[in-house]
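**Q** Have a look; sequence and predicted model below, questions after that.
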Amino acid sequence: MDLSMNPFSSGTRLRDMIRAIRASKTAAEERAVVRRECAAIRAAISENDQDYRHRNMAKLMFIHMLGYPTHFGQMECLKLIAAAGFPEKRIGYLGLTLLLDERQEVLMLVTNSLKQDLNHSNQFIVGLALCALGNICSAEMARDLAPEVERLLQTRDPNTKKKAALCSIRIVRKVPDLAENFMGSAASLLKEKHHGVLLSAVQLCTELCKASIEALEYLRKHCVEGLVRILRDVSNSSYAPEYDIAGITDPFLHIQVLRLMRTLGQGDADCSEYVNDILAQVATKTESNKNAGNAILYECVETIMGIEATSGLRVLAINILGRFLSNRDNNIRYVALNMLMKAMSVDTQAVQRHRSTILECVKDADVSIRKRALELVYLLVNDTNVKPLTKELVDYLEVSDEDFKEDLTAKICSIVEKFSQDKLWYLDQMFKVLSLSGNFVKDDVWHALIVLISNASELQGYSVRSLYKALQACGAQESLVRVAVWCIGEYGEMLVNNISMLDVEEPITVTESDAVDAVELALKRYSVDVTTRAMCLVALLKLSSRFPPTSERIQEIVVQNKGSTVLELQQRSIEFNSIIQRHQSIKSSLLERMPVLDEASYLVKRATSSQATVSLNKSAPAATPGGSLKLPNGVAKPPPAPLADLLDLSSDDTLATTSAPTAAPNNFLHDLLGIDLTDSSSTGGAPSASTDILMDLLSIGSPPVQNGPPTTSTVISPGQVTKHASATPQVFDLLDGLAPSTPLPGLLLSLDYLVAFLIMRKLTITLLACSPDEQTAYPPITAFQSATLKITFNFKKQPGKPQETTMHASFTNLTSATLTDFMFQAAVPKFIQLRLDPASSSTLPASGKGSVTQSLSVTNNQHGQKPIAMRIRISYKVNGEDKLEQGQISNFPAGL
């Protein structure tokens, strides 16, 4: 037959087929070439062509690597493996590793051939079998062929030992129960001189430690001395060209031995003490001017940090990381920063010595290094170094990139809030941050700043003057403008009259007109931001009361927003204009300074929403029922009332009362509306029934008939309630019915509570919350389901204990195999307490013929505020093989 006439016959050489494929100009041409070649190979297979079987298999492997199906040639692999010659076996085993994997049923047919080749007298054929077994070995093959592999670990040929050790790693991974069969052989291999055998043996020992506790204890007793000898020999050895890399002898063996030492020494003081000296020798003698040396040093540091090393050795390791930070290679600096973050939990003081170098990394050009260094600096901050570290960070904030300012600003604010012990220093740092990066400050940060200023009466004058000067210099920072405008509106007279001057201050000259100018400029500059403009309007309204000569000018500014397309601004403008123009007599009472904001309530709410208590103290305060809350100013305040917490009144815009609460049933309306419903002129009158209040507020029914002529009503601002002699509050219209001549002593203005929708919503919540508890039936849920398991939860609550829930879990096996050593574990957030009762059995019958039950007792300490969340993990054995499943349950019924 003339092969030149049929280029796609089975006799075509591999190189000719590759040349034809590469010559294809389109994908269609390539597919045509492959199709014709595959047809020729199929024909050769059907004719049982033995002369070109190995050539056809080589072609199939190349076609397989191109992504075309080659399953029809799998049996040819087995025929080549069964051949007697080495070339055929080599192609057969290579095809076996490429065309098949451990999931193929055909692989079961090759077990006998592998067993024969593992016992072959030719070491190269043995090597082929070991390589194939190490790549595609399944659990069944591992059990059948483990004795042959174990025997080959004792042969004389180093290449066979090396391949047998690598094949043993695969066997141990597939069947961990076989680990005890290889413990003695692995320990004996550590006495070899060949580096390839040593490297494979160390990796085998590492895998044995992961697979079995017994193997770990055995290797601790029999291998530590050998590992120390290997590491000493390879460190002190002379130049060996076959192992030398950049002047270092076999860094790969160095690293593997160090990793095994870390595994053996973790949690074992005796083993750690034995390897301390050699680790110190490696750490001091290894050169760090090459990547190979740096890799060894890094692994040595990880080993030192992972074992029970002495303090001096740990200091040496951290000093090595400090040298890494001075390296010009960004990768080395990055891994050093990562390792230093881990070292913080081991030796904080040693890491603190490299604080200046770490701070320089925050200013690095590489963004990954900057972010990692910033996280490390945050961990380094404590009460003693908070001020110098904060100063460095704030100074860098001025010149940092815009992309990095957000992260840097968040860290600085967190540091200042967490470690500040001096309110003045806290205010100074926050003012600097607002001036430099106010556009990146989150809302809760400047909210907290306003809360603190309202509570620090001695620093209010200093705050408003500092913010005014900052506003003049850095008016483009949004958060700075908001805080400054709020302070000017509240404490404008302190700004103009230099009230409450501190020794560190210099007096400034600010006129009433200057204060109005500052707010007007902010109002015009932030024409897009509704929140800032609304705050500016409120500040202007308050300044009209603080500075009467500027009322007309302020009125002109306010009127400009009457035609605004934003409803909020339009409404405020109209209402404020009416107050300035028509109600001069009550304006001063309406626009009194806002009462002190409840710092305790704000901190509790902020801590709850972020799952981390933000405090200005070093230790985080925790609110306990019936206890007190520790505040930054050292004043102990009681926790908020349950009703106020229920109505969500612990935000920064809630007005805090300065007098002790009374036991009257109508006090919740006081909290809701921010007003006093008690007639200040008659303290002896009994409060009206809460049903009358609700009827009046909701306009239900008719007001009660008065016994006599009503006394003069005290007319109040929008959203306020009039007080009659009968103490029955009435709801009046917003502004048109206000009498200009009516005095209004001591009333508070909180315009955010004027919206009737908010009132209705709050009252509805209150009514629902005040209804008696009813026994609620919760439907069962399918908490978790996989191909193997189904978990069902049933719920039960005890009357009078809404925060406690008893859950009954039922586990069903969906497979045809029995599950043994069954164990269920669960984890919940910190605000939930969980108790697991023992399961009814550790064996789960197959095919759903039975179930295992287990009870869980859950206490939700934030019931009504946060739902229950739970992560679960289930471990069991199937036919002796360990299995692990895990998941998260997020479909609990509402109200648990």
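**A** Structure received. Residues are numbered from 1 along each chain as shown.
**Q** Tell me where the stretch 301-450 of the chain has helices.
**A** Under the criterion DSSP state H, counting those that start in this stretch, the stretch 301-450 of the chain contains helices at 311-325, 330-343, 348-352, 355-362, 367-380, 386-397, 402-419, 423-437, 443-455.
**Q** for the stretch 51-200 of the chain, same thing?
**A** 53-66, 74-82, 86-99, 111-118, 123-136, 139-152, 158-174, 179-189, 195-211.
**Q** Next, the angle from the third one to helix 53-66.
**A** Meaning helix 86-99. Taking axes from the mean of the first three to the mean of the last three CA atoms, to 10 degrees, one finds helix 86-99 and helix 53-66 inclined to each other by 20 degrees.
**Q** Okay, buried residues for helix 86-99 please.
**A** 88-99 (16 or more other CB atoms under 10 Å). All C-beta spots, glycine's among them, are computed from the backbone N, C-alpha and C.
**Q** element containing residue 875, please.
**A** Using DSSP states H and E, residue 875 maps to strand 870-878.
**Q** buried set for that strand?
**A** 870, 872, 874, 876-878.
**Q** Which other helices and strands does that strand contact?
**A** strand 781-785, strand 789-796, strand 819-827, strand 881-889 (3 or more CB pairs under 8 Å, 6 or more residues apart in numbering; DSSP states H and E).
**Q** if you set the cut-off to 6 Å instead, what comes out?
**A** strand 819-827, strand 881-889 (3 or more CB pairs under 6 Å, 6 or more residues apart in numbering; DSSP states H and E).
**Q** Name the stretch among those that sits most buried.
**A** Stretch with highest mean neighbour count among these: strand 819-827 (a mean of 16; mean count of other CB atoms under 10 Å).
**Q** what's the neighbour count on residue 134?
**A** 19 (other CB atoms under 10 Å).
**Q** ok so, going back, which one of the helices and strands packed on strand 870-878 lies closest to residue 837?
**A** Proximity to residue 837 (CB to CB) singles out strand 819-827 among the helices and strands packed on strand 870-878, at 10.6 Å.
**Q** Okay, now the sheet partners of whichever helix or strand comes after that closest one, with direction.
**A** The first helix or strand that comes after strand 819-827 along the chain, using DSSP H and E, is strand 832-836. In the sheet, strand 832-836 lines up against strand 851-860 (antiparallel) (DSSP bridges).
**Q** Report the buried residues of the partner strand.
**A** 851-852, 854-856, 858-860.
**Q** Dump the residues you listed into CSV; add pLDDT and distance to residue 491 as well.
**A** Formatted as CSV, these follow (pLDDT from 0 to 100; distance: CB to CB, whole Å):
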residue, pLDDT, distance to residue 491
851, 90, 68
852, 92, 67
854, 94, 61
855, 92, 59
856, 91, 54
858, 91, 49
859, 91, 46
860, 89, 43
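**Q** Specify which member of the residues you listed is nearest to residue 468.
**A** For the buried residues of strand 851-860, the nearest to residue 468 is residue 860 (47.3 Å; CB to CB).
**Q** Report the beta-bridge partners for the closest one.
**A** Bridge pairing for residue 860 - DSSP bridges - gives residue 832.
**Q** mind starting the numbering at 34 from now?
**A** I'll keep to 34 as the first residue from here, and by that count the last item is residue 893.
**Q** Let me have the helices of the stretch 84-233 of the chain in TSV, extended by distance to residue 475 and mean pLDDT.
**A** As requested, these are arranged in TSV below (distance: least, CB to CB, whole Å; pLDDT from 0 to 100):
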stretch	distance to residue 475	mean pLDDT
helix 86-99	53	88
helix 107-115	61	84
helix 119-132	55	87
helix 144-151	63	89
helix 156-169	53	92
helix 172-185	53	92
helix 191-207	47	94
helix 212-222	52	91
helix 228-244	44	94
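**Q** Any chance of TSV for these, columns distance to residue 634?
**A** As requested, the helices of the stretch 84-233 of the chain are exported to TSV (distance: least, CB to CB, whole Å):
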stretch	distance to residue 634
helix 86-99	68
helix 107-115	72
helix 119-132	68
helix 144-151	72
helix 156-169	65
helix 172-185	61
helix 191-207	56
helix 212-222	59
helix 228-244	51
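**Q** What does residue 846 show for phi and psi?
**A** phi -90, psi 120 (degrees, to the nearest 10).
**Q** Please report how far residue 592 lies from residue 570.
**A** Distance from residue 592 to residue 570, counting by CB to CB, to the nearest Å: 11 Å.
**Q** Could you do residue 327 as well?
**A** Counting by CB to CB - residue 327 and residue 570 are separated by 62 Å.
**Q** With residue 899 instead?
**A** 36 Å.
**Q** same deal with residue 342?
**A** For residue 342 relative to residue 570 (CB to CB), the value is 65 Å.
**Q** and the gap between the residue lying closest to residue 873 once chain neighbours are set aside and residue 575?
**A** Leaving aside its chain neighbours, residue 873 sits nearest to residue 886 (4.7 Å; criterion: CB to CB, 6 or more residues apart in numbering). From residue 886 across to residue 575, the span is 65 Å (CB to CB).
**Q** Between residue 899 and residue 570, which is the more surrounded one?
**A** In this view residue 899 and residue 570 are compared by other CB under 10 Å, and residue 570 has more residues nearby, 25 against 15.
**Q** which SS class is that one?
**A** helix (DSSP: H, G, I helix; E, B strand; the rest coil).
**Q** what's the answer for residue 317, then?
**A** Classified using three-state DSSP, residue 317 is helix.
**Q** State the pLDDT value of it.
**A** Confidence at residue 317, expressed as pLDDT, is 91.
**Q** now residue 343
**A** Residue 343 is given a pLDDT of 89.
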